[in-house]
Each structure stands twice: as C-alpha cells, then as structure tokens.
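> coords please:
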Amino acid sequence: MIKGRYIGSLVSGAIVIVIAFTFDWHKVVSGLRGFHYVYLFPAVILYLAGFVFRGIRWQYMLAPLKRIPFASSFSVVMIGFMANNILPLRMGEFVRAWAIRKKEGISGSAGFATIVIERVYDGLALIGLFVVVLLFSTTTPEIKRYAAMGASVFVVALGVLLYAAFREEAAARFLKRITRLLPGTLHARVSGLIDSFMPGLHFLSSGRQQAAVIFYSLLIWCIEGGVFWLVMQGFHLAAPAYAAFATLVIVNIAIMVPAGPGYVGTFDLAAVVALAPFGIGKNAAMGYIFIVHALQYVSVTALGLYYMNASGWSLRQIEDAERS
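The predicted model follows:
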C-alpha cells in the first residue's frame with residue numbers, strides 16, 4: 001500500500017510538471033477571468049444532487065444485507081468520496097466499507113463487494129453514454145480504442161460478478177483453491193474475507209434491484225454530464241452539448257490510472273485531450289476543467305468532512321481505516 005501511495009503521487013507529480021511547462025498560464029488565467037460565475041451555484045447543486053441518487057442506489061445494493069436509512073447511505077457515500085480526495089489510489093472505497101460497518105454493522109467485506117459492483121455499473125453507464133456521444137460526433141481513433149477497451153473490461157467484470165452471484169458456492173470454492181498458494185495465516189484470513197465478500201453480491205440475483213441500480217447509474221452520470229455542460233456554458237465555449245459528455249467519459253476513464261489524492265493531473269490532462277477534437281484550445285480547456293475539478297473537489301470534501309465530524313470520526317481514523 002505504501003508503494004502504491006508513492007506510485008500514485010509520482011504519476012500525479014509527473015503530469016503536473018508536464019502541465020506546468022506546456023500551457024500558457026497567462027491565457028489560462030485570462031480564460032478564468034471570463035468565466036460567468038452565475039453558473040457555478042447551479043452546477044454545484046446539480047453535482048451534489050447526483051450524490052443523493054448515489055445514496056439511494058446504494059440502499060438498493062445493500063438491501064439484501066440490511067435495509068439502511070437514506071441518511072446513513074448518503075453520509076457514508078460522501079465520506080468515501082471525500083476520502084478519495086485526500087487519499088491516493090481511490091482509497092476512499094475502503095474507507096467507505098469501513099464506515100458502513102461502523103455505522104450500520106454491515107460486514108466491511110460485503111459492503112466493499114457492493115462498491116466493486118457499483119463501480120462496474122458506473123463504468124457500463126459511462127460507456128453507454130459514450131456510445132450515444134459517438135453517434136453524434138467524430139473523435140480520434142485513440143479515444144474510440146480506449147472506450148472499446150474500457151467497455152470490454154467492464155462487461156467481463158460484470159459477467160464474472162454475475163456468475164459469482166448465481167453460483168456463489170462454486171465461485172467461493174474456486175477462489176479458495178487459489179488462496180491455498182498463500183502462506184497458512186494469510187490463506188485463512190483471505191478465505192474468511194471471501195466468505196464475507198460473497199453476500200455483497202446477492203442483490204445481483206434480483207431483477208428489480210438490478211433495474212433500479214441501472215436506472216440510477218444512468219441518471220447519476222447524466223446529471224454529472226449536465227454539470228460539465230453548465231460550466232461549459234459559463235465559459236461560452238463553442239462546442240456542442242455532447243462535447244461535455246465526451247469529456248465526462250474520457251476524464252472518468254483516465255482517473256482509473258493510479259494517481260495522487262483527488263486525481264490531480266490525470267483528471268485535468270484527460271479533459272484537455274477530450275476537448276481537442278471539438279476545437280477547444282488547450283489553454284481554454286485547462287481553465288474550463290480547473291473550474292469543474294475545483295467545484296467537485298471543494299463541495300464533496302467539505303460535505304464529507306461535515307459528515308465525518310457528525311459521525312464522531314477524525315481524519316486520523318479515516319487514514320487508519322485506509323491502512324487496515
């Protein structure tokens with residue numbers, strides 16, 4: 001985990017250095033001065049509305065384990081995303097599993113299983129949106145290739161998880177056979193984790209719950225695409241509405257790359273690459289994505305810290321949860 005932390009920080013640091021020396025910062029600042037900040041408040045409200053639906057979606061996913069109130073689901077989601085902003089390598093996902101165990105008594109491994117599935121559905125929803133974007137736009141062969149690669153990864157992942165959900169005993173036996181290669185103590189621990197992970201897949205066997213998760217996944221990403229579009233309007237960028245959704249998809253594929261806290265560097269450079277085919281210059285694109293990134297980072301971190309304090313936890317506990 002320590003090595004991973006350094007790798008993520010090095011990746012972000014390298015990209016930040018590239019950005020620092022390849023952009024005309026006078027033009028970037030000039031573009032920021034031209035932003036109409038009247039668009040900022042509705043963009044923040046819309047962005048946070050997406051997290052309301054994330055909380056509802058997670059309720060459906062956790063229902064076979066325990067029916068939890070929306071207040072718990074929403075607050076833990078916000079704490080997890082806040083932790084992603086202050087910890088490297090998306091460690092907030094582990095913090096979120098820890099937090100739902102502390103708050104609702106749900107097994108951390110089972111809770112983490114639902115988060116893994118959630119990420120798969122997010123990926124499929126994003127790829128679906130990207131397919132729609134491709135119907136209206138022309139983009140570079142490289143971006144199409146990355147999208148196809150991403151689609152195949154998420155489809156295979158969903159297939160594996162569905163198999164595990166419907167053939168739980170067979171999947172558990174197979175995984176435990178693999179773990180026999182591990183040393184005795186570690187084998188016993190991983191074997192126990194497999195047993196507690198599997199119940200988190202139970203919602204996949206319910207067509208009603210899956211339909212709800214698919215609906216909310218598409219809604220969440222349409223809302224976030226709306227945030228990208230609203231900020232674009234604030235800059236009066238001469239690009240079609242679907243350019244905002246294309247940028248959303250490319251950015252979220254890029255932040256799968258190991259990076260430092262808050263996806264610094266990967267998030268920003270990906271947006272510049274995504275907007276280039278739409279005729280948006282790199283300096284204008286950098287100013288645009290700076291606002292998008294800042295509003296997301298500040299709003300989520302502030303709300304996550306609020307819920308962390310309201311739950312009686314500290315940043316030290318959050319960091320200890322990430323290491324455990």
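> which regions of the stretch 151-300 of the chain lie under the pLDDT threshold?
By pLDDT under 70, the weakly predicted segments of the stretch 151-300 of the chain are 151, 184-190, 192.
> repeat that for 90
Scanning the stretch 151-300 of the chain with the threshold set as pLDDT under 90 gives 151-208, 210-211, 214, 240, 242, 246, 249-250, 253-254, 256-260, 277-278.
> Do a quick rundown of the strands in it.
Using DSSP state E, counting those that start in this stretch, the stretch 151-300 of the chain contains no strands.
> could you pull out the helices for it?
Secondary structure of the stretch 151-300 of the chain by DSSP state H, counting those that start in this stretch: the helices cover 168-179, 184-197, 207-235, 241-254, 266-275, 282-310.
> Which of these sits closest to Phe35?
Nearest to Phe35 among the helices of the stretch 151-300 of the chain is helix 207-235 (5.1 Å), distances taken as C-beta to C-beta. Every residue, glycine included, has its C-beta placed from N, CA and C.
> Give the other helices and strands that that closest one contacts.
Judged by 3 or more C-beta pairs under 8 Å, 6 or more residues apart in numbering; DSSP states H and E, helix 207-235 is in contact with helix 40-62, helix 108-136, helix 241-254, helix 282-310.
> Return the distance of that helix from the chain's centre.
Distance, stretch centre to chain centre, for helix 207-235: 13 Å (C-alpha atoms, centre = their mean, to the nearest Å).
> Name the residues of it that are buried.
By neighbour count on 16 or more other C-beta atoms under 10 Å, the buried set for helix 207-235 is 209-210, 212-213, 216-221, 223-232, 234-235.
> Please apply the same query to stretch 158-170.
Buried residues in stretch 158-170, counted by 16+ other C-beta under 10 Å: 158, 161-162, 164-165.
> Which residues does that stretch contact?
Residues outside stretch 158-170 that contact it (C-beta atoms under 8 Å, 6 or more residues apart in numbering): 116-117, 120-121, 124, 171, 198, 201-202, 204-205.
> Kindly report the same for stretch 79-88.
Outside stretch 79-88, the residues that touch it by C-beta under 8 Å, 6+ apart are 4-5, 8-9, 12, 51, 90-93, 95-96, 99, 115, 258-263, 297, 300-301, 303-305, 307-308, 311, 313, 315, 318-319, 322.
> mind putting the helices and strands packed on helix 207-235 in TSV, distance to Leu175 and mean neighbour count included?
Supplementary listing: the helices and strands packed on helix 207-235 in TSV, determined by distance: least, C-beta to C-beta, whole Å; neighbours: other C-beta atoms under 10 Å:
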stretch	distance to Leu175	mean neighbour count
helix 40-62	21	19
helix 108-136	12	20
helix 241-254	28	23
helix 282-310	33	19
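> could I get these as CSV with distance to Phe23?
Shown next, in CSV, are those (distance: least, C-beta to C-beta, whole Å):
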stretch, distance to Phe23
helix 40-62, 22
helix 108-136, 26
helix 241-254, 17
helix 282-310, 6
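> looking at these, which is closest to Met78?
Relative to Met78, the nearest member of those by C-beta to C-beta is helix 282-310, separated by 4.5 Å.
> Weed out the non-buried ones from the contacts of stretch 79-88.
Using 16+ other C-beta under 10 Å, the buried ones in those are 5, 8-9, 12, 51, 90-93, 95-96, 99, 115, 258-263, 297, 300-301, 303-305, 307-308, 311, 313, 318, 322.
> wait, what's in contact with the residue lying closest to Gly234 once chain neighbours are set aside?
Of all residues not flanking Gly234 in the chain, Tyr39 sits nearest, at 3.5 Å (C-beta to C-beta, 6 or more residues apart in numbering). Under the criterion of C-beta under 8 Å, 6+ apart, the neighbours of Tyr39 are 230-231, 233-234.
> Closest to Tyr60 out of the buried residues of stretch 158-170?
Lowest distance from Tyr60 to these (C-beta to C-beta) belongs to Ala165, with 14.5 Å.
> Please tell me how far the closest one sits from Val44.
37 Å (C-beta to C-beta, to the nearest Å).
> repeat for Gly50
Here Gly50 is placed at a distance of 11 Å from Val44 (C-beta to C-beta).
> Please apply the same query to Ala125.
Distance of Ala125 to Val44, given as C-beta to C-beta: 22 Å.
> Would you mind giving the buried residues of stretch 158-170 as a markdown table with distance to Phe21 added?
Listed next are the buried residues of stretch 158-170 as a markdown table, based on distance: C-beta to C-beta, whole Å:
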| residue | distance to Phe21 |
| --- | --- |
| Leu158 | 41 |
| Leu161 | 43 |
| Leu162 | 47 |
| Ala164 | 47 |
| Ala165 | 49 |
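> Just give me the closest of those residues to Met78.
Leu161 (25.2 Å).
> so which of the helices and strands packed on helix 207-235 gets nearest Asp268?
helix 282-310 (5.1 Å).
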